[in-house]
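Peer 1: Only the shape, not the letters, is given here:
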C-alpha cells in the first residue's frame, strides 16, 4: 500500500460516508484528530501497550493523509508522495554526530 493509495482511500471513505465539510472545517477537524491520534500513540508507548501501537500509528497516517488531501485539493500544494520522495533523499544526506547525538541539517531550499 502506498501513500497515494491511502490518500485515495481517505477521499473515497469521506465521500462514501457523506462527510462534506468546508475545507476550513475539514482541516481543523483533521488537525485536531491528528493531534489526538499522536497522543494515543504516546499513551500506548508510555503504558507499554505495544500491541496497540500499530493501530494508533495507522490512525496518525490516515489523518496526516487527510490533511495532505485538503492541502492538495484546495490549496494546490505539491503531492504528498512527491514531497516524501524528496524528504527521504534529504534525510539520506544527513549525518549523525555521535557526540552531540544529533543529525546535521544540510542546506536545502525545501527542508530547513
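Peer 2: Okay, I see it. All of these numbers come straight from a predicted model, not from anything done at the bench.
Peer 1: From residue 70, how far out is the spatially most central residue of the chain?
Peer 2: Of all residues in the chain, the one closest to the mean position by C-alpha atoms, centre = their mean is residue 64, 3.4 Å from it. Distance of residue 64 to residue 70, given as C-beta to C-beta, to the nearest Å: 11 Å. Bear in mind the C-beta positions are built from the backbone N, C-alpha and C, glycine included.
Peer 1: residues in contact with the strand or helix carrying the residue nearest to the centre of the chain?
Peer 2: Using DSSP states H and E, residue 64 sits in helix 53-75. Outside helix 53-75, the residues that touch it by C-beta atoms under 8 Å, 6 or more residues apart in numbering are 3, 6-7, 10-11, 14, 23, 26-27, 30-31, 33-34, 37-38, 40-41, 44-45, 77-80.
Peer 1: average model confidence for stretch 42-62?
Peer 2: When pLDDT is averaged along stretch 42-62, the result is 98.
Peer 1: where along the protein do the helices fall?
Peer 2: 3-16, 23-46, 53-75, 80-93 (DSSP state H).
Peer 1: what separates the first one from the chain centre, distance-wise?
Peer 2: The reference is to helix 3-16. In this view, helix 3-16 has its centroid 14 Å away from the chain centroid, taken as C-alpha atoms, centre = their mean, to the nearest Å.
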